[in-house]
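Participant: got a sequence here, can you build the structure:
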Amino acid sequence: MSLDYQRIKNWPIPEARQTYSERDTILYALGVGAATCNPLAAEDLQYVYEPGLKALPTMASILAGGASWLADPETGIDLSKVLHGEQFLTLHQPLPAHGEVIGRDQVDEIFDKGADKGAVMYMSRRIYCARTETLLATSKWSTFMRGNGGFGGSAEGQPKPHPVPTDRPCDLSIELESRPEQAVIYRLSGDLNPLHIDPAFSALAGFDKPILHGMSSYGMAGRALIKLLCDNDPARLRELNLRFAAPMYPGETVRIEAWREGPCQASFRVIATQRDITILNNGYVEFDA
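Facilitator: Down below sits the predicted model:
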């Protein structure tokens, strides 16, 4: 299906507002696997207990998204062949545990890989505090559109995936368990795609059972890296980027492997241990010392 590059590149996306509560912040933390034992360690208690509650910074990536304009038939985008390819997040300020935010989206670029290979669209959302207009975070992502290649655009200049070291063992690693019901919980944060809850729908998509939301596994990676690199202080996380490599199933255990690349930088990947498959790859993280 062809698309009009100039029309999509300049699509008028209205700004979105969202008010979120401490309850929403706690629900998000549960949806990315936090607080799975009793008694809770202080490092997890901070994400689910109102006194001193802290928001996981990765929650910024799902705030103030507004309506899905991609579903508008006028775009020419084939939604049945759309995949979330990469996710990037920059934190400019610690994310408040509750508040009202404004999201302003834009299409950054669309790369044409060819009629038989599809297209890749990069978008960004700047998230502001509604009360002060302070820029809290910038969320960026790529969408792989398998059905929209060959529209006459260029494939030049597409960002290259961040390389993860292959010549040495990782410097740090940690294993995290996911909940069997994690997808059921995570969808309450806003992503109601039936692929993650309805066995009949997931079978039509080629899966033997519902898969976990990619953004839930993204949040798990963030939790792990805050533990490994930030001494469990979410305010120290500054940037978290990765590529989605394979689906994850609720209930799986994942191993996060990190390589130090500088004083406040690291590369990482995430492996589903039971299947020994990399589900998140080309990871890059920056944090405060």
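
Participant: make it CA atoms for all contacts and neighbour counts henceforth
Facilitator: Fine.

Participant: give me the neighbour count for Pro96.
Facilitator: Look at Pro96: counted by other C-alpha atoms under 10 Å, it has 20 neighbours.

Participant: mind checking the SS state of it?
Facilitator: coil (DSSP: H, G, I helix; E, B strand; the rest coil).

Participant: what bits of this protein have low per-residue confidence?
Facilitator: Counting by pLDDT under 70, the ranges of the chain that qualify are 1.

Participant: tell me how far stretch 273-289 lies from the chain's centre.
Facilitator: Distance, stretch centre to chain centre, for stretch 273-289: 12 Å (C-alpha atoms, centre = their mean, to the nearest Å).

Participant: now that stretch: buried residues?
Facilitator: Buried residues in stretch 273-289, counted by 16 or more other C-alpha atoms under 10 Å: Thr278, Ile279, Leu280, Asn281, Asn282, Gly283, Tyr284, Val285, Glu286, Phe287.

Participant: where do the strands sit along the stretch 1-150 of the chain?
Facilitator: Taking DSSP state E, counting those that start in this stretch as the criterion, the stretch 1-150 of the chain carries its strands at 16-20, 82-91, 99-112, 119-129, 135-145.

Participant: relative to Glu156, which of those strands is closest?
Facilitator: Among the strands of the stretch 1-150 of the chain, strand 99-112 comes nearest to Glu156, with 7.3 Å by C-alpha to C-alpha.

Participant: so which elements touch the closest one?
Facilitator: Packing partners of strand 99-112 (3 or more C-alpha pairs under 8 Å, 6 or more residues apart in numbering; DSSP states H and E): helix 5-9, strand 16-20, strand 119-129.

Participant: how about 6 Å then?
Facilitator: strand 16-20, strand 119-129 (3 or more C-alpha pairs under 6 Å, 6 or more residues apart in numbering; DSSP states H and E).

Participant: closest one to Gln87 among those strands?
Facilitator: With C-alpha to C-alpha as the measure, strand 119-129 is the member of the helices and strands packed on strand 99-112 nearest Gln87 (9.8 Å).

Participant: OK, contacts around Glu257?
Facilitator: Contact analysis of Glu257 by C-alpha atoms under 6 Å, 6 or more residues apart in numbering lists Cys170, Leu172, Ser173, Phe268, Arg269.

Participant: now those: which count as buried?
Facilitator: Cys170, Ser173, Phe268, Arg269.

Participant: fine by me, we can end here.
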